[in-house]
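Undergrad: okay, here's the prediction I keep looking at, along with the sequence it came from:
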Number of protein chains: 2
Amino acid sequence: MRFEALTIKDIAKALGLSTSTVSRALRDSYEISPETKKLVLEYAEKNNYHPNPIALSLKERRSRSIGVIVCEIANSFFSQTINGIESIAYNNGYNVIISQSRESFDREIINLQYLTSRSIDGLIISVSTETRDFSFLKELHEKGMPIVFFDRIVDEIETHKVIVDNYKSAYDATVHLVKNGYQHIAAVSNAAYLSITKERLAGYRAALADNGMAVNEDLVKHCHHGGMILVEVEEAVNELLQAPEKPDAILTTSDKLTTGCFRILKSKGITVPAEMGLVGFSNSDLTELLDPPLTIIKQPAFEMGEIATNLLLQLIESKRPVKEFETRVLASELITRGSTVAKKTKTPA
Amino acid sequence: MRFEALTIKDIAKALGLSTSTVSRALRDSYEISPETKKLVLEYAEKNNYHPNPIALSLKERRSRSIGVIVCEIANSFFSQTINGIESIAYNNGYNVIISQSRESFDREIINLQYLTSRSIDGLIISVSTETRDFSFLKELHEKGMPIVFFDRIVDEIETHKVIVDNYKSAYDATVHLVKNGYQHIAAVSNAAYLSITKERLAGYRAALADNGMAVNEDLVKHCHHGGMILVEVEEAVNELLQAPEKPDAILTTSDKLTTGCFRILKSKGITVPAEMGLVGFSNSDLTELLDPPLTIIKQPAFEMGEIATNLLLQLIESKRPVKEFETRVLASELITRGSTVAKKTKTPA
DNA sequence: ATCGTTACCGGGAACGATTGCGTAAATAAA
DNA sequence: TTTATTTACGCAATCGTTCCCGGTAACGAT
C-alpha cells in the first residue's frame, strides 16, 4: 500500500491552471504573474507539496545519490568514514547508499553492478582485500562514472583519491618501536597487492633499513582476509613465534589485524609490551582502555570521508569531464601508549 | 557528465521494433513470438541492457529503497544492526539509505522529511534520545508509510517492532551483581522517557526488590545525550561517588554509557571490579580485551537488523493495509567477565 | 465467401516533472 | 489606428518504462 503524494497536476487541477504554469510558479519563473505565484505557492505550502524526486531524476538523468562500498560497516575505521561521507552528502542534498563487500571480490562486483544499475551519480569505494582485477571499475570509470577511492586505492585508475601517508605512518611507527629498544620487528599485514599493504610495508622496511636493521622477510606476514577471520591472524602470529629469529615487536597494518593480534597474544599469555611490543593502525576508541593501552596509528577517518565526498560531488557537478585528479594525502596520528613502552626505556609516570 | 545507458527505445530502433514489443519480449510475454524474443534478448544481452530503475520507480510508484535512521553509525550496536539490515535488503533488491540523527530531535525530523521526500518505500528507525514528540512519525505512519522500530521504540505508534527483552536483560544483569555480593547498585541510563530506559530500569528495580534491596533513586542517573558527551557521563559518575549511599556497582544501559563509565572510572583510578563493579549493555567486541574484561549484555544486533528488515519488506509488499502488528522480543546474552567478579566470590582461574 | 480465433505486434497514454515554443490579451510605440 | 512589444499562460515533447487498447494477418470453420 502506498500513500499518494500531491503532484503538480493536482495543484493545476485544483487551481484551474496548467501544469506548466504551476511548475513555473513553484520555480519562481519571471513569466508568471505575482498573483498566480502567490496562489500556487500558498496552495503548495498548505497542502505540503514536495516535488517527486524520482520524476526529477528521470528528467535530469541524475539520482542525487552516491554509492559507497566498503568491506564492512561494523568496523570503526569505515563507520567513521561513512559518518563523514554522510555528513557532507546530507548537506548537499545527496543520499548515501551503502553496500558491503565483506572482503569478497565477487560480492564487490555484484554490489558495483547493483549500485550502477540503480543509477547512482557517483561512487566512493575502498576495494576489498581480494580485489586484484580492476577491469570492472576501470570500465565503469571510462564510461564516465565519477569515482573517488579512499584507503585502499587503485593505482591503475586515474581519479581522485584520499589516503593517509601510509608510508610515513608505518615508518614513524616502526621508528617508534626501534627507539623503544625493540630489535626484531615483525609486520602483520593485509594481502600483498593492496595499496595500503605496499605503502605501509615500504615504510616499515625503510624505517628498519634507516636504522641499520636488516629486513627479515620471514617476519612479514600477510592475512588474505584482512583479519576478518581470526584464525588467519592466529596462524600468522604462530608462524612469527616459531620463526628462527623470533620477533619482539609487531606492527599491524589495519584495524582488525591490530585488535586481532592483541587478542591472540593475550590468549597465548604473551605479555605486551614486555615480551612483545605492539603498534598498529586502529580507529577504535577503546584501544586506549585495553590492558595495556595500545599504541596506535589513527587515521582521520571522518575527515577522509568528508574530503572524499567533497571531491566526488565536485566530479559529479562538473560541467565538463575532469582531467586533473588529485590524491589527498592526510597525516595520521601516532598515539603512543603502553603497548610499546618496553625494553630499554621506561616512560616515567 | 553522464554516461548514457542503453534504453528500450534504442533496442527498438536498432531492431526495427516498437518499444512495446521490446518491453514485452524482455519480460517474456506470451504475445511475442519466440524468434522476436530471441532477437531482443540477444541484443539486450550483448549490449548489456539494464532497465532504468528510476523510470521503473516512476511507473511503479516505488523506489525499492528503504530508509534507516539511527543516532550514529559509528557505534558498534548500530553498525551491526545496519549490517543485518543491509544483508536482507541486498538479497531482496532493495537499497539502504542511511541517515544519522546524532541524538538530535531536530536532525531526526529533518532526516525524516528528507528521506520521505526522497520517496523511500519504508523506514527502519531507532529514535534519538531527544525524541519525545512523535507527531511527525505518527502522521507519516497514518499516511501509510511502512515503519519498523527497533531498539528505541515508540509505544504510541502501532507497527512492527524489534527489541530485546530489556526488562529481563537488566533484571538478570542486576541479579548477577547481587549474586556477586554487590550491595549498592547504581544505574546510569539514557533519557528517562526512552523505551529502553523505562524497560531496563524497570528490570533493574524489580531485581533489587526481588532480592530484598531497596531502590535508591539517588543511584539512578540519566544522561540526556546518551553518553555521546563524555562530560555528562563523568558528572553522573561524580554524583554517584558523592551520594550519601555510595554505590559499589554500576549498571549501564547502553553502549556509549558502558564504555564511558569504564573510561571515567579508570581515569579516576577507581578499580574495577574491586571498588566498583560494572556491567552494561554493549556490542563492542573489544570489551573482552579491556582491563578488566567487561561483563556485558550483548544484543543480537545483526539479527535485529535482519528481522526488522524482513518485517518491513513484509509491510511494503503487502497488498492490503496490515492491521496486525507484532513486537519481536529477542533474548540478549549476559556475558560475565572480570568487571563483576568482586566482593564475596572470586572466580577460580 | 464470410466469420471467429489466435498469434503478433504497434500506437499512445500514462507516471511527475521541466521547458521550448506558440499565442492570446494587454500595453506601448509609431 | 495600426503595429510592435510585453506579459502571462497553455500545449506538447521529453525522460524510460509499462500496459491498455487497438490492429492485421493467417487459418480453420461454417
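TA: The structure has been received and is ready for your questions. The structure presented is a predicted model; accordingly, all values stated were derived computationally and were not measured. Numbering: from 1, shown residues only, chains lettered A, B, ... in the order given.
Undergrad: all strands for the stretch 101-250 of chain A, in order.
TA: Per DSSP state E, counting those that start in this stretch, the stretch 101-250 of chain A carries strands over the ranges A:122-125, A:147-150, A:160-164, A:185-189, A:220-222, A:249-252.
Undergrad: would you list those in a markdown table and tack on mean neighbour count and mean pLDDT?
TA: For glycine as for every other residue, the C-beta is placed from the backbone atoms N, C-alpha and C. Shown next, in a markdown table, are the strands of the stretch 101-250 of chain A (neighbours: other CB atoms under 10 Å in any protein chain shown; pLDDT from 0 to 100):
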| stretch | mean neighbour count | mean pLDDT |
| --- | --- | --- |
| strand A:122-125 | 26 | 97 |
| strand A:147-150 | 26 | 98 |
| strand A:160-164 | 25 | 97 |
| strand A:185-189 | 28 | 96 |
| strand A:220-222 | 20 | 96 |
| strand A:249-252 | 30 | 97 |
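Undergrad: and of these, who's closest to chain B?
TA: Chain B sits nearest to strand A:122-125 of all the strands of the stretch 101-250 of chain A, at 10.6 Å, using CB to the nearest CB.
Undergrad: which other residues reach that closest one?
TA: Applying CB atoms under 8 Å, 6 or more residues apart in numbering or on different chains, the contact partners of strand A:122-125 are A:66-70, A:85, A:112, A:115-116, A:137, A:140, A:145-150, A:305, A:308-309, A:312-313, A:315-316.
Undergrad: list the buried residues in stretch A:50-68.
TA: If you call a residue buried by 16 or more other CB atoms under 10 Å in any protein chain shown, then stretch A:50-68 has these buried ones: A:52-54, A:57-58, A:62-68.
Undergrad: just the C-alpha atoms of that stretch, please, in PDB.
TA: Taking C-alpha atoms only, stretch A:50-68 is exported to PDB below (Å, rounded to 0.1, in the frame of the first residue of the first chain):
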ATOM      1  CA  HIS A  50       7.000  18.200  -2.500                       C
ATOM      2  CA  PRO A  51       8.300  17.600  -6.000                       C
ATOM      3  CA  ASN A  52       8.600  13.900  -6.800                       C
ATOM      4  CA  PRO A  53      12.400  13.300  -6.700                       C
ATOM      5  CA  ILE A  54      12.000  10.200  -8.900                       C
ATOM      6  CA  ALA A  55      10.300  12.200 -11.700                       C
ATOM      7  CA  LEU A  56      13.100  14.800 -11.300                       C
ATOM      8  CA  SER A  57      15.700  12.100 -11.500                       C
ATOM      9  CA  LEU A  58      14.200  10.800 -14.700                       C
ATOM     10  CA  LYS A  59      14.100  14.200 -16.200                       C
ATOM     11  CA  GLU A  60      17.500  15.300 -15.100                       C
ATOM     12  CA  ARG A  61      19.200  12.000 -15.500                       C
ATOM     13  CA  ARG A  62      20.700  12.100 -12.100                       C
ATOM     14  CA  SER A  63      19.600  10.400  -8.900                       C
ATOM     15  CA  ARG A  64      21.200  12.700  -6.300                       C
ATOM     16  CA  SER A  65      22.500   9.700  -4.600                       C
ATOM     17  CA  ILE A  66      26.000   8.400  -4.200                       C
ATOM     18  CA  GLY A  67      27.100   4.800  -3.700                       C
ATOM     19  CA  VAL A  68      29.500   3.700  -1.000                       C
END
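Undergrad: now do the residue of chain A found nearest chain B against A:L240, distance only.
TA: The minimum distance from chain A to chain B, using CB to the nearest CB, falls at A:D291 (2.8 Å). Note on A:D291: its distance to A:L240, by CB to CB, to the nearest Å, is 21 Å.
Undergrad: so which of those two has more stuff around it?
TA: Ranked by neighbour count (other CB atoms under 10 Å in any protein chain shown), A:D291 and A:L240 place A:L240 first, with 22 against 15.
Undergrad: which residues sit in contact with that one?
TA: A:186, A:188, A:219, A:221, A:246-247, A:250.
Undergrad: and if we set it to 7 Å?
TA: A:186, A:219, A:221, A:247 (CB atoms under 7 Å, 6 or more residues apart in numbering or on different chains).
Undergrad: tell me how far it lies from A:H184.
TA: Counting by CB to CB - A:L240 and A:H184 are separated by 10 Å.
Undergrad: A:P34 now?
TA: As judged by CB to CB, A:P34 and A:H184 stand 81 Å apart.
Undergrad: the two: which has the busier surroundings?
TA: Higher neighbour count among A:P34 and A:H184: A:H184, with 18 against 8, using other CB under 10 Å.
Undergrad: just give the closest residue to that one, not the sequence neighbours.
TA: In space, not counting the residues next to it along the chain, A:H184 is nearest to A:P247; the distance is 4.4 Å by CB to CB, 6 or more residues apart in numbering or on different chains.
Undergrad: again with A:F302
TA: A:G84 (4.0 Å).
Undergrad: which element is the one you found on?
TA: Following DSSP states H and E, one finds A:G84 within helix A:76-91.
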